[in-house]
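Asker: Dropping a prediction and its sequence here:
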Amino acid sequence: MRSAQGSITAEDYLHAQRLHGARMRGWLYGGGIAALLSGGVLLWPLGVTREGVMLLCGAVGGLVAHSLTWHLYVPFKVRRLHRQTKAFTHSFVYEWDEGAVRARSMQGQSTRAWTDYLKYREDERIFLLYHADNMFEMLPKRWFASASQVDDLRRQLRSLRRA
């Protein structure tokens with residue numbers, strides 16, 4: 001039985017939300033840049049000025065609003081939610097083997113078969129184990145006692161789809 005344990009900090013929670021939303025943010029920024037290019041590079045020189053200006057303004061406004069949301073509002077909201085969620089201050093213990101993941105804290109315990117997980121995401125700081133497209137458990141890598149434990153969990157996750 002391998003294990004990891006720790007509590008969830010506000011920074012862990014914010015990092016998990018950023019990792020979770022990274023792909024969508026990429027699509028939104030890409031769409032905004034495409035709209036900027038099509039408005040500024042294609043429509044304006046073709047003489048479609050009004051629509052070109054509208055597209056440019058909409059794209060710039062959308063990119064600014066999106067950037068403000070992710071850099072100001074989301075950190076504020078996540079830190080607030082973290083303060084309100086008392087369970088995050090408790091220590092979580094995750095244990096896993098070939099069949100299942102077991103989690104426990106002062107508030108209870110659960111066992112979930114690996115087949116119940118849909119997919120996972122990982123970066124340099126955290127693992128996200130998804131139950132559905134919008135529901136995940138987070139395991140910060142700082143919870144692991146050694147790099148071999150991180151590698152062991154990664155080996156176990158190979159049967160899941162990487163998101």
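Answerer: Thanks, I have the structure now.
Asker: Retrieve the pLDDT associated with the residue located most distally from the centre of the chain.
Answerer: Taking Cα atoms, centre = their mean, the residue of the chain most remote from its mean C-alpha position is Gly47, at 42.3 Å. Among the per-residue scores, Gly47 holds a pLDDT of 73.
Asker: do the one 4 residues further on as well
Answerer: Model confidence at Glu51, given as pLDDT, is 74.
Asker: which other helices and strands contact the helix or strand hosting it?
Answerer: Using DSSP states H and E, Glu51 sits within helix 49-68. Helices and strands touching helix 49-68, by 3 or more Cβ pairs under 8 Å, 6 or more residues apart in numbering; DSSP states H and E, are helix 10-37. No exception for glycine: its C-beta is placed from N, CA and C like everyone else's.
Asker: Could you pull up the mean pLDDT of the helix it packs on?
Answerer: 79.
Asker: center of this structure - which residue?
Answerer: A centroid search over the chain (Cα atoms, centre = their mean) returns His20, at 1.8 Å, as the residue closest to the centre.
Asker: For it, give me its contacts.
Answerer: With Cβ atoms under 8 Å, 6 or more residues apart in numbering as the criterion, the residues that contact His20 are 121, 128, 136.
Asker: List the buried residues for stretch 96-115?
Answerer: Going by neighbour count (16 or more other Cβ atoms under 10 Å), the buried part of stretch 96-115 is 96, 101-103, 105, 114.
Asker: now do stretch 143-154
Answerer: Neighbour counts over stretch 143-154 (16+ other Cβ under 10 Å) mark 143-144, 149-150, 153 as buried.
Asker: Where does the residue farthest from the centre of the chain sit: helix, strand or coil?
Answerer: Using DSSP: H, G, I helix; E, B strand; the rest coil, the structure places Gly47 in coil.
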